[in-house]
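1. Need a 3D model of the following:
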Amino acid sequence: QVQLVESGGGLVQAGASLRLSCAASGRAFSRYAMGWFRQAPGKEREFVAGIARFTNYADSVKGRCTISRDNAKNQVYLQLNTLKPEDTAVYYCAAAPTPLKGLIYSPEIYDYWGQGTQVTVSS
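-> Residues are numbered from 1 along each chain as shown. Here you go, the predicted model:
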């Protein structure tokens, strides 16, 4: 069992940066691939970034976003730079057991989800 708690969201102006954090409780954190997803009002949840033995990014954030993890602290981070109004969404952290059951950008492979943190980017 893994519990995930996101933090770091907020209201920022376009062009700003944010660092989201996800704290995981439970054992064997390092055995999980971690992902960040987001959901904007009226839209489906979409993949943002994932980290296993590799990293993977959605095209919409590639070059502006960095996912990282600290296994000693049971934390995963999402650095978002040059934020745009279209980045406004609730951002969710998720954990997928390894070996992966599918592609890292597929929400179906993630067994555990956090409650989300709101990111709002004003123009």
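2. check contacts around the residue lying closest to Gly8 once chain neighbours are set aside.
-> In this structure, Gly8 finds its nearest non-sequential neighbour in Leu20, 4.2 Å apart by C-beta to C-beta, 6 or more residues apart in numbering. C-beta: built from backbone N, CA, C; applies to glycine. Residues counted as contacts of Leu20 (C-beta atoms under 8 Å, 6 or more residues apart in numbering) are 6-9, 36, 77-80, 91, 93, 117, 119.
3. One more pass at 6 Å, please.
-> Leu20 makes contact with 8, 78, 91, according to C-beta atoms under 6 Å, 6 or more residues apart in numbering.
4. same check, this time on Lys101
-> Here Lys101 is in contact with Ile109 (C-beta under 6 Å, 6+ apart).
5. What does it show for phi and psi?
-> phi -90, psi 0 (degrees, to the nearest 10).
6. From the contacts of Leu20, which land in helices?
-> Assigned to helices by DSSP state H, none of these qualify.
7. Top of those residues by number of neighbours, please.
-> Neighbour counts for these (other C-beta atoms under 10 Å) peak at Leu78, which has 27 neighbours.
8. Would you mind naming the residues that bridge with it?
-> Leu20, Ile67 (DSSP bridges).
9. ditto for Ser122
-> Following DSSP bridges, Ser122 is listed with bridge partners Gln13.
10. burial measure for it, as a count.
-> Other residues close to Ser122 by other C-beta under 10 Å number 11.
11. Next one: it relative to Tyr91, how far apart?
-> Look at Ser122 and Tyr91: by C-beta to C-beta, to the nearest Å, they are 17 Å apart.
12. cool, Ser123 as well?
-> Ser123 is 19 Å from Tyr91, by C-beta to C-beta.
13. Over to Ser68?
-> 15 Å.
14. Many thanks, I have nothing further to ask.
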